[in-house]
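Enquirer: what follows is a predicted structure for the sequence shown.
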Amino acid sequence: MNTNRSPADFLPRTRAQMRALGWDELDVLIVTGDGYVDHPSFGHAVIGRYLESKGYRVGILDCPETEPEGEGWKRLPPPRLFVGVTAGTIDSMVTNYTASKKKRSIDVYRPGGAMGRPNRATIAYTALARHHFPGLPVVVGGLEAGPRRLAYFDYWEEKLRRSMLVDAKADLLVWGMGERAVLEVAQRLERGESLTGMRGTCEIVKPADVPEGARVVPSFEELQADQDKLIELFHAVREENAPSSRVLAQTHGARVVLQHPPLAPASQAEVDSFYDLPFQRASHPDHDAAGGIAALEPVRWSINTHRGCMADCSFCSITFHQGRTIQSRSEESVLKEAAALTASHDFRGTITDIGGPTANMWGLGCKLLEKGEPCLGRDCLTPDPCPALRLDKTSEGYRRLLGLVRGTKGVKHAFVSSGIRYDMLRGRDGKLLPLHHDLVAHHVPGRMKLAPEHGSDATLAAMNKPRFEVYEQYEAEYKEECRTAGKDQHLVNYFIVGHPGTSLEDAILLFEKLLERNYSPEQVQEFIPLPMTRACVQFVTGKDPMTFAELHVPRGERERRMQKALVRWKAPESRVLVEEALERAGRPDLLARFQRALTSQRRRERDDESSDLDTCG
Ligand code: SF4
């Protein structure tokens with residue numbers, strides 16, 4: 001370990017590149033299903049660069065073959081300490097299949113978009129790592145393994161599966177944002193210590209070694225026999241999610257998976273240290289011949305300002321991965337990155353995003369928790385923002401940050417493309433905050449993206465999102481502000497179809513809202529139940545684990561397609577399904593309105609086409 005070593009331009013992915021750096025061995029090898037992108041939005045780069053900054057020599061074995069004797073596994077030598085395995089930036093089943101379980105043809109996280117990542121890549125790569133590097137500890141982590149740290153419902157196979165730690169037969173599973181835990185793994189192994197009992201990890205022990213005071217959760221076998229026990233597991237994971245929490249113990253046959261409590265939230269100095277690393281903001285040059293990594297482009301000139309989310313939307317697993325506490329970078333660190341972007345030879349003056357999981361949560365905190373007082377026992381944002389949130393102060397801080405980035409020499413545009421919580425753009429007096437004015441005036445890249453997610457309040461309640469009228473009020477004021485400012489900036493909405501709690505009537509309610517606006521988004525998100533989430537429990541049990549209310553769960557392919565068609569109602573292929581849905585719901589009034597709207601739409605399209613021909617002539 002040598003902390004005086006200069007950082008590599010790129011971490012090596014071959015023995016020749018190691019030699020060029022003067023390295024005769026590796027300390028840590030990171031295996032990932034993605035192509036290597038040296039950018040802070042890619043976990044393998046952040047972990048690799050962080051370990052490098054602490055003096056470790058790290059190699060990246062990206063996109064390895066799945067054949068046991070694949071030559072690619074010999075690209076790098078066995079490391080001195082351990083092999084870290086991640087499926088990639090997102091989970092391998094989502095990169096390989098659509099929500100309707102159809103095989104995808106492009107993997108945007110791999111060179112040239114070529115497919116080839118194995119299903120449940122964490123399991124496949126761990127087996128290959130064991131084969132090629134026998135005797136070395138294998139540590140798994142990332143967005144595939146983390147939320148599958150305990151027994152979980154697998155949407156793709158529609159059955160309960162064991163913890164991914166058990167199925168992968170790895171030595172340790174790191175959950176959550178892994179920099180500090182992975183560093184501790186390296187330090188312990190360096191000192192010849194065991195990896196047992198580490199915060200932010202899961203390990204497998206014998207029943208006799210379960211620590212006293214551990215909270216026992218339903219075993220894999222009990223969950224298999226009674227899926228309603230997922231509700232109990234959901235509450236245990238949710239409640240034991242703080243540094244002071246208890247260890248969770250889940251039996252799988254003759255073994256027990258222990259989930260140790262998380263580390264304390266990273267301090268501002270620590271978060272800065274993760275992002276101040278010498279990233280090249282490029283895919284590894286070895287991938288240039290294949291056309292690079294497409295997933296880099298949308299984020300290449302973006303700045304990540306924080307981690308964590310206080311929103312707790314039912315369908316989202318960010319809280320279970322990044323945590324509920326917002327861990328923000330300092331102004332100085334963000335501005336340093338903005339200045340570094342402007343120094344890049346191919347930067348054209350536009351920072352595409354200054355945000356995080358929810359952009360306007362940078363610096364957000366709770367007055368009570370910060371004083372060590374108990375939570376009010378409600379939700380932070382639903383049905384409305386909790387009075388303990390430091391909303392006004394946070395909003396001013398974020399506004400100031402955006403202004404400073406905007407004023408950085410060499411920056412022409414500083415946009416916010418991450419999701420914005422519109423219910424957090426109002427002060428306690430109900431008026432829109434000055435941040436909103438600045439967003440509209442300076443930071444909307446032509447279209448403002450908002451995620452009301454649905455138009456039915458019943459569905460929104462199941463999603464733990466604000467009522468639709470909150471969106472409608474904001475929408476009206478946004479349009480007025482754009483009109484006053486002379487800005488032609490449309491709203492782009494994101495909706496989810498097929499979410500538990502969406503009946504045909506709910507889907508038609510959303511359709512009516514869209515018809516009123518003559519709006520039909522091109523993209524619609526189809527619901528996938530992500531492990532550990534409230535919506536996953538809703539999907540499996542048909543009950544909301546928070547309220548115990550029974551919910552309708554759209555399960556059949558035709559019902560989901562119908563819900564999608566009602567949102568994408570202008571698409572020609574949607575017509576039959578929309579008509580079927582309206583007939584089934586007994587809504588001839590809406591059927592007539594739909595047909596009139598389609599006729600007007602077709603007429604407009606014909607007029608546009610003929611005016612194009614006139615122009616050509
Ligand atoms: S007091 Fe309010 S803002 Fe603070 S954690 Fe509880 S619900 Fe969230």
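Expert: Sure, I can see it.
Enquirer: show the average pLDDT along stretch 363-378.
Expert: The average pLDDT within stretch 363-378 is 88.
Enquirer: does any part of it sit near the ligand?
Expert: Yes - counting by CB under 6 Å from any ligand atom, the ligand has neighbours in stretch 363-378: 366, 368, 369, 375, 376, 378. Any C-beta I mention is one placed from the backbone N, CA and C, and that applies to glycine too.
Enquirer: what about that stretch, how long is it end to end?
Expert: Terminal residues of stretch 363-378 lie 21 Å apart, using CA to CA, to the nearest Å.
Enquirer: can you give me the helices in the stretch 501-617 of the chain?
Expert: Remark: helices assigned in the stretch 501-617 of the chain by DSSP state H, counting those that start in this stretch are 504-516, 534-541, 557-567, 575-584, 588-616.
Enquirer: from the contact counts, what lies against the third one?
Expert: Right, helix 557-567. Under the contact criterion of 3 or more CB pairs under 8 Å, 6 or more residues apart in numbering; DSSP states H and E, the helices and strands touching helix 557-567 comprise strand 490-497, helix 504-516, helix 575-584.
Enquirer: the ligand: which of the ones you listed is closest?
Expert: strand 490-497 (23.8 Å; CB to the nearest ligand atom).
Enquirer: now do that closest one: distance to the chain's middle.
Expert: Per CA atoms, centre = their mean, to the nearest Å, the displacement of strand 490-497 from the mean C-alpha position of its chain is 18 Å.
Enquirer: and for residue 110, nearest residue in space, chain neighbours not counted?
Expert: residue 35 (5.1 Å; CB to CB, 6 or more residues apart in numbering).
Enquirer: that neighbour contacts residue 287, correct?
Expert: Yes - in this structure, residue 35 is within contact of residue 287 by CB atoms under 8 Å, at 5.0 Å.
Enquirer: what touches both of the two?
Expert: In terms of CB atoms under 8 Å, 6 or more residues apart in numbering, residue 35 and residue 287 are both contacted by the residues 111, 293.
Enquirer: settle it for me: which of those two has more neighbours?
Expert: The residue with more neighbours, out of residue 35 and residue 287, is residue 35; 30 against 21, by other CB atoms under 10 Å.
Enquirer: for the more buried one, which residues are in contact?
Expert: 62, 63, 109, 110, 111, 283, 284, 287, 293.
Enquirer: residues near the fourth one, how many?
Expert: Here the count is done by other CB under 10 Å, and residue 110 has 23 residues near it.
Enquirer: hmm, back to that, just the element for the residue nearest to residue 110, please.
Expert: Per DSSP states H and E: residue 35 is located in neither a helix nor a strand.
Enquirer: what separation do you get for it and residue 584?
Expert: 46 Å (CB to CB, to the nearest Å).
Enquirer: which ones are touching the residue nearest to residue 505 when sequence neighbours are not counted?
Expert: Once flanking residues are discounted, residue 505 sits nearest to residue 585: 6.5 Å by CB to CB, 6+ apart. Going by CB under 8 Å, 6+ apart, residue 585 touches 504, 505, 508.
Enquirer: after the host helix or strand of residue 354, heading C-terminal, what element do we hit next?
Expert: Secondary structure assignment for residue 354, by DSSP H and E: strand 353-355. The helix or strand immediately downstream of strand 353-355 is helix 367-370, counting by DSSP H and E.
Enquirer: who's in contact with that next one?
Expert: Residues beyond helix 367-370 that count as contacts (CB under 8 Å, 6+ apart) turn out to be 374, 375, 376, 388, 389, 390.
Enquirer: spell out which residues of the stretch 301-450 of the chain are next to the ligand.
Expert: Residues of the stretch 301-450 of the chain lying close to the ligand by CB under 6 Å from any ligand atom are 366, 368, 369, 375, 376, 378, 380, 386, 388, 389.
Enquirer: can you get me a residue count around the fourth one?
Expert: It stands for residue 375. Neighbours of residue 375 using other CB under 10 Å come to 11.
Enquirer: same check, this time on the first one
Expert: Neighbour count of residue 366, defined by other CB under 10 Å: 19.
Enquirer: ok, it to residue 425 distance?
Expert: Distance from residue 366 to residue 425, by CB to CB: 18 Å.
Enquirer: repeat for the last one
Expert: Relative to residue 425, residue 389 is positioned 13 Å away (criterion: CB to CB).
Enquirer: quickly list what's touching both of the two.
Expert: Counting by CB under 8 Å, 6+ apart, no residue touches both residue 389 and residue 425.
Enquirer: deepest in the core, which of the helices of the stretch 501-617 of the chain is it.
Expert: When these are scored by mean count of other CB atoms under 10 Å, the highest mean neighbour count falls to helix 534-541 (a mean of 25).
Enquirer: just the C-alpha atoms of that helix, please, in CSV.
Expert: C-alpha atoms of helix 534-541 as CSV (Å, rounded to 0.1, in the frame of the first residue of the first chain):
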residue,chain,number,x,y,z
ARG,A,534,-43.3,-1.4,-0.2
ALA,A,535,-44.6,-1.8,-3.7
CYS,A,536,-43.0,-5.2,-4.0
VAL,A,537,-44.8,-6.4,-0.9
GLN,A,538,-48.0,-4.9,-2.3
PHE,A,539,-47.5,-6.8,-5.5
VAL,A,540,-46.9,-10.1,-3.9
THR,A,541,-49.4,-10.0,-1.0
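Enquirer: what separates that helix from the chain centre, distance-wise?
Expert: For helix 534-541, the distance to the chain centre is 19 Å (CA atoms, centre = their mean).
Enquirer: what is the mean pLDDT for that helix?
Expert: Rounded mean pLDDT across helix 534-541 is 98.
Enquirer: and if you look at stretch 12-19?
Expert: Averaging pLDDT residue by residue across stretch 12-19 gives 96.
Enquirer: do the same with stretch 170-181
Expert: Per-region confidence: stretch 170-181 scores 96 on mean pLDDT.
Enquirer: what about that stretch, how long is it end to end?
Expert: 16 Å.
Enquirer: what sits up against it?
Expert: For stretch 170-181, contacts defined as CB under 8 Å, 6+ apart pick out 43, 46-47, 50, 82, 85, 122, 126, 137-142, 145-147, 149, 163-165, 182, 185, 195, 198-203, 259, 262-263, 266, 270, 274, 307, 321-323.
Enquirer: just give the nearest non-adjacent residue to the residue in the stretch 201-350 of the chain positioned nearest to the ligand, would you?
Expert: With CB to the nearest ligand atom, the shortest gap between the stretch 201-350 of the chain and the ligand falls at residue 310, namely 6.3 Å. Take residue 310 and drop its neighbours on the chain: the residue closest to it by CB to CB, 6+ apart is residue 380, 4.2 Å away.
Enquirer: and residue 469, how far is that from the ligand?
Expert: 22 Å (CB to the nearest ligand atom, to the nearest Å).
Enquirer: where does that residue sit: helix, strand or coil?
Expert: helix (DSSP: H, G, I helix; E, B strand; the rest coil).
Enquirer: counting by contacts, list what the strand holding residue 354 packs against.
Expert: For strand 353-355, the packing partners by 3+ CB pairs under 8 Å, 6+ apart come out as strand 302-304, helix 391-406.
Enquirer: how about TSV for these, with mean neighbour count and mean pLDDT added?
Expert: Converted to TSV, the helices and strands packed on strand 353-355 look like this (neighbours: other CB atoms under 10 Å; pLDDT from 0 to 100):
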stretch	mean neighbour count	mean pLDDT
strand 302-304	23	97
helix 391-406	19	94
